[in-house]
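[1] I would like the atomic coordinates for the input below:
(chains A and B)
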Number of protein chains: 2
Amino acid sequence: MKEKMDFRAEVREMAGKAKEASHQLPRLSTDIKNRALFEMADDLERGRERLIEENRKDLSAAKKVSLSSAMMDRLRLTHQVIKGMADGLREVARLPDPVGEVVKMWKRPNGLMIGRMRIPIGVIGIIYESRPNVTAEAAGLCLKSGNSVILRGGSEAFHSNQAIGQILCSALVKAGIPQEAIQIFPHTEREAIQEMLQLEGEINLIIPRGGEELIRFVTDHSKIPVIQHYKGVCHIFVDESADLETATRVCLNAKVQRPGVCNAMETLLVHESVARRFLPNITKTLQKEGVELRGCPQTRRIVPRIKAAKEEDWSTEYLDLILSIRVVKGIEEAIKHIATYGSFHTESILTSDYGNAQRFLREVNSSCVLVNASTRFNDGFELGLGAEIGISTSKLHAFGPMGLEELTTTKFIVYGEGQIRS
Amino acid sequence: MKEKMDFRAEVREMAGKAKEASHQLPRLSTDIKNRALFEMADDLERGRERLIEENRKDLSAAKKVSLSSAMMDRLRLTHQVIKGMADGLREVARLPDPVGEVVKMWKRPNGLMIGRMRIPIGVIGIIYESRPNVTAEAAGLCLKSGNSVILRGGSEAFHSNQAIGQILCSALVKAGIPQEAIQIFPHTEREAIQEMLQLEGEINLIIPRGGEELIRFVTDHSKIPVIQHYKGVCHIFVDESADLETATRVCLNAKVQRPGVCNAMETLLVHESVARRFLPNITKTLQKEGVELRGCPQTRRIVPRIKAAKEEDWSTEYLDLILSIRVVKGIEEAIKHIATYGSFHTESILTSDYGNAQRFLREVNSSCVLVNASTRFNDGFELGLGAEIGISTSKLHAFGPMGLEELTTTKFIVYGEGQIRS
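    Numbers count the residues shown, from 1 in each chain, chains lettered A, B, ... in the order given. Okay, the predicted model is just below:
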């Protein structure tokens, strides 16, 4: 019991310090924040031997519990991964500072000048799994946007995260920024997370990054607002009027360019009137790239060599070289299929019909809706937002890629000359 | 047990219908929505005798439980209140439709045109107390912004809310809009609210409107995102360089023009170097208007006739003709006082010093920060947003007055010409 009490006190103390630091961060000049980011980047590169050593502890522990090789890959810090982290921080330093930006300003009939100014959210808790490079990435984005951050990584990356954290904090101190702006949560037990999720007054936002089970756990236990990044069951609809050569290129890109990510295509919808012309070719092309195909009955009448899709295929995020295919009567049925089985992530229509393009853009309410482009473009960098902290599939506050701007909120500012309300 | 089960099923069914309707609302034309809003307004006025009759049932029940006269006032429907509801709906009809607005559009080097388009949030649950006119107001704003709404008013206004709801829904039907877009929650038990707060998949946002205790209850029990509208402990800081005549006018307006609302001033901070010149006059003026004053020791050395403020006064929202006064050393201490005791609602600085004005605007992170203007301007209409559904004191999604725009989110839209990711 005593231990539990101490433990709770520790979590609270940490959040209290983060809140304290968050009062100072909004006032930091862009220059100081950028100096800290460049310092962090250099220090990570300079400290790479130590990082690799600490990472080795995690790797050998992971080997003992037989972590999958994919997980081992994500956990491993190499010179290249460390360079990637450092470059990521430099990239964030080069992005415009969102804090203090006045996004809009207007004048009222009584002469008041009203504006909306971006300010940091306050204290952000990030709860994530395996990849230790998230530590540097998330810390950099939170610092630049003026937020304190509490980072709670997975137990499997404990030593790596602690070591990265130490380097980041010492860089903060060198730049004259309170080191409590970036804190690495030292407990990996779920109970410790639960404690953290109660601190509504201290922490303003929780962002879980990881599998569906983790996100569900966090959402269910949090009194703090949570922005969810659920799965991406992304669709491409090849319309009757699509240029089939373009369609082949785009579908191939959306499925195979990087199948393990959330914006890869998982289901292909094909208009029935082009199915006979399009399906034999695209299925051959995809199979040549090693893609396993699962089709609806109509698809299999045209391409009998492929497996039958089951009902659950339509809502599955494969994250792998697997694709489900369905023939639909037209745009109406395509939109309905997406609304029924989709995950509000990314959908694209391939068409040369103006009306259908506009209708698809209007009526499909996923975080990113495209016309004649690969689903792979739903990404902070590709959309022009810069680095992102994740892709939100929930509609509150942020929907889609969350960049620096989405890590801020706006307050109203008013310039008056003694106006009173009548 | 059986009853409880049925009850849960009923809540779920209601939310399911709201979700179903929410798929159709984003496609409604502005004309149809406006037609429904005008129809609602006319029908409320036409049905006023019935409304007043139903309201009488609530009033007589309220008398039996000895509701306070202030609460009785808020509960009462008169011809004037009904006209106010109707005019409010007409006002919403005249506001621009936020749905489908593209707030920004830019081009990427690869030729992709990227935009952010406003879309409705989905299904919104509003949980409120006593005032039945909130029913029409909230329903109108949700309809115009393309959201389904489930309205749960207080038990004391049960009959009034049901009657208003019936009129609104029949107007929807006349305009060809699914009547499930506006539903009046028929249960006033807290257990019923708790059920509603579990429906994360069906309801996208909960907005509680009412006392702190209600908001706390909703936040603690909700799995759905909640936007809080906590108290307004609003400050005015009279700086050393303030024009004292303006200061008197603005402070008087902020305190007495409507003391019972959240944007009224509750604490006055005065720079020590003008305290002797300003306090005798402003206190006299305020006392003449019936304001009870509670001062810090320094204030009382200058104006001994007023009561001493206790520690809890600094964080109290009086909502009444009461004001606490503190003398501070300067802007630094004023900002610190606001950060310590404030509620992130509304703060104003009265000054003629450019640097202090800018510093106050930058460093005070409340939902609305003003220079040389009354706190009473933190209001949707006054800021130019039109009607509001409340004033958020939480930073996620909306901070400050929530108008039609804040009842939407944005999705990314992308116009391409066959681009793929390399």
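[2] Number of residues surrounding A:Arg8?
    14 (other CB atoms under 10 Å in any protein chain shown). C-beta coordinates here come from the backbone N, C-alpha and C atoms, glycine included.
[3] Show me which residues of the stretch 251-400 of chain A sit near chain B.
    Contact residues (CB under 8 Å from any CB of the partner chain) of the stretch 251-400 of chain A with chain B: A:252-254, A:257, A:339, A:357, A:361-363, A:365-374, A:376-378, A:382-384, A:394-397, A:399-400.
[4] The strand ranked longest in chain A pairs with which strands?
    Ordering each strand of chain A by length in residues (DSSP state E) puts strand A:408-419 first. Strand pairing for strand A:408-419, determined by DSSP bridges: strand A:113-120 (antiparallel), strand B:368-373 (parallel).
[5] Next, format these as JSON lines and append mean neighbour count, distance to B:Cys169 and mean pLDDT.
    What follows is the strands paired with strand A:408-419, written out as JSON lines (neighbours: other CB atoms under 10 Å in any protein chain shown; distance: least, CB to CB, whole Å; pLDDT from 0 to 100):
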{"stretch": "strand A:113-120", "mean neighbour count": "21", "distance to B:Cys169": "35", "mean pLDDT": "97"}
{"stretch": "strand B:368-373", "mean neighbour count": "27", "distance to B:Cys169": "35", "mean pLDDT": "98"}
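[6] got those strands as JSON lines, with distance to A:Ile167 columns?
    Converted to JSON lines, the strands paired with strand A:408-419 look like this (distance: least, CB to CB, whole Å):
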{"stretch": "strand A:113-120", "distance to A:Ile167": "23"}
{"stretch": "strand B:368-373", "distance to A:Ile167": "37"}
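[7] wait, A:Thr393 sits on A:Gln228?
    Yes: at 6.0 Å, A:Thr393 counts as touching A:Gln228 under the criterion of CB atoms under 8 Å.
[8] give me the residue from the stretch 251-400 of chain A nearest chain B.
    Nearest to chain B, among the residues of the stretch 251-400 of chain A, is A:Ala373, at 2.9 Å (CB to the nearest CB).
[9] what's near enough to touch that residue?
    Shown in contact with A:Ala373 (CB atoms under 8 Å, 6 or more residues apart in numbering or on different chains): A:250, A:348, B:112, B:414, B:416-420.
[10] Pick the one among those closest to A:Ser60.
    A:Ser60 has its nearest neighbour among these in B:Ile420, at 40.9 Å by CB to CB.
[11] Secondary structure element for the residue nearest to the closest one when sequence neighbours are not counted, which one?
    If the residues on either side of it in the chain are set aside, B:Ile420 comes closest to A:Asn253, at 3.7 Å by CB to CB, 6 or more residues apart in numbering or on different chains. Element membership for A:Asn253, per DSSP states H and E: helix A:244-256.
[12] quick one: contacts for A:Ala357?
    Contacts for A:Ala357 (CB under 8 Å, 6+ apart) come out as A:349, A:351, A:371-372, B:415.
[13] Report pLDDT for it.
    Here, the pLDDT recorded for A:Ala357 equals 98.
[14] A:Ala70 now?
    At A:Ala70, pLDDT is 79.
[15] and the longest helix for chain A?
    helix A:2-24 (DSSP state H).
[16] what does the helix or strand hosting A:Glu53 rub up against?
    For A:Glu53, the element it lies in under DSSP H and E is helix A:48-64. Here helix A:48-64 makes contact (CB under 8 Å, 6+ apart) with A:44, A:71-72, A:75-79, A:82, A:132, A:156-160, A:162-164, A:167.
[17] so where is chain A shaky, pLDDT-wise?
    In the prediction, chain A carries residues with pLDDT under 70 at positions A:1-6.
[18] domains for it, by residue range?
    The record assigns chain A these domain ranges, following automatic domain parsing: A:2-229+A:399-414, A:234-383.
[19] Relative to B:Ile331, which of the ones you listed is closest?
    B:Ile331 sits nearest to domain A:2-229+A:399-414 of all the domains of chain A, at 13.2 Å, using CB to CB.
[20] Relative to A:Asp379, how far out is A:Gly390?
    Using CB to CB, to the nearest Å, A:Gly390 is found at 11 Å from A:Asp379.
[21] Comparing these two, which residue is more hemmed in?
    Remark: of A:Gly390 and A:Asp379, A:Gly390 carries more neighbours, 23 against 19, as counted by other CB under 10 Å.
[22] With adjacent residues omitted, what lies nearest to the more buried one?
    A:His229 (4.4 Å).
[23] residues in contact with the one you found?
    A:His229 neighbours (CB under 8 Å, 6+ apart): A:207-209, A:215, A:262, A:390-393.
[24] Which of the contacts of helix A:48-64 fall within helices?
    Among these, the members falling in helices (DSSP H) are A:44, A:71-72, A:75, A:79, A:82, A:158-160, A:162-164, A:167.
[25] Quick one, which of the residues of the stretch 251-400 of chain A next to chain B are buried?
    Among those, the ones that count as buried by 16 or more other CB atoms under 10 Å in any protein chain shown are A:252-254, A:257, A:357, A:361-363, A:365-374, A:376-378, A:382-383, A:394-397, A:399-400.
[26] show me where the stretch 151-300 of chain A has strands.
    Along the stretch 151-300 of chain A, counting by DSSP state E, counting those that start in this stretch, strands occupy A:182-184, A:205-209, A:234-238, A:265-271, A:292-295.
[27] Pull up the distance across stretch A:87-100, start to finish.
    Stretch A:87-100 has an end-to-end distance of 25 Å (CA to CA, to the nearest Å).
[28] My error: substitute stretch A:22-36 in the last question.
    End-to-end distance of stretch A:22-36 (CA to CA): 16 Å.
[29] Could you check how far A:Ala171 is from B:Val226?
    Taken as CB to CB, the span from A:Ala171 to B:Val226 is 37 Å.
[30] I meant to write A:Thr351 there.
    For A:Thr351, the distance to B:Val226 - CB to CB - is 40 Å.
[31] what's the answer for A:Cys234, then?
    30 Å.
[32] what residues does the stretch 101-250 of chain A put near chain B?
    A:106, A:108, A:112, A:114, A:117, A:119, A:121-122, A:200, A:204-205, A:219-220, A:223, A:225-226, A:243, A:246, A:249-250.
[33] still on that earlier bit, would you convert the strands of the stretch 151-300 of chain A into TSV that also reports mean neighbour count?
    Shown next, in TSV, are these (neighbours: other CB atoms under 10 Å in any protein chain shown):
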stretch	mean neighbour count
strand A:182-184	24
strand A:205-209	23
strand A:234-238	28
strand A:265-271	27
strand A:292-295	21
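[34] returning to that earlier point: in the helix holding A:Asn253, what's buried?
    Residues A:246-256 are the ones in helix A:244-256 that count as buried (16+ other CB under 10 Å).
[35] Buried ones in stretch A:11-25, by neighbour count?
    By 16+ other CB under 10 Å, the buried positions in stretch A:11-25 come out as A:11, A:14-15, A:17-19, A:21-23, A:25.
[36] when you check chain B, which of those turn up near it?
    For chain B, the contacts drawn from the buried residues of stretch A:11-25 by CB under 8 Å from any CB are A:His23.
[37] Between which two of the buried residues of stretch A:11-25 is the distance greatest?
    Spatial extent of the buried residues of stretch A:11-25 (CB to CB) is set by the pair A:Val11 and A:Leu25 at 20.8 Å.
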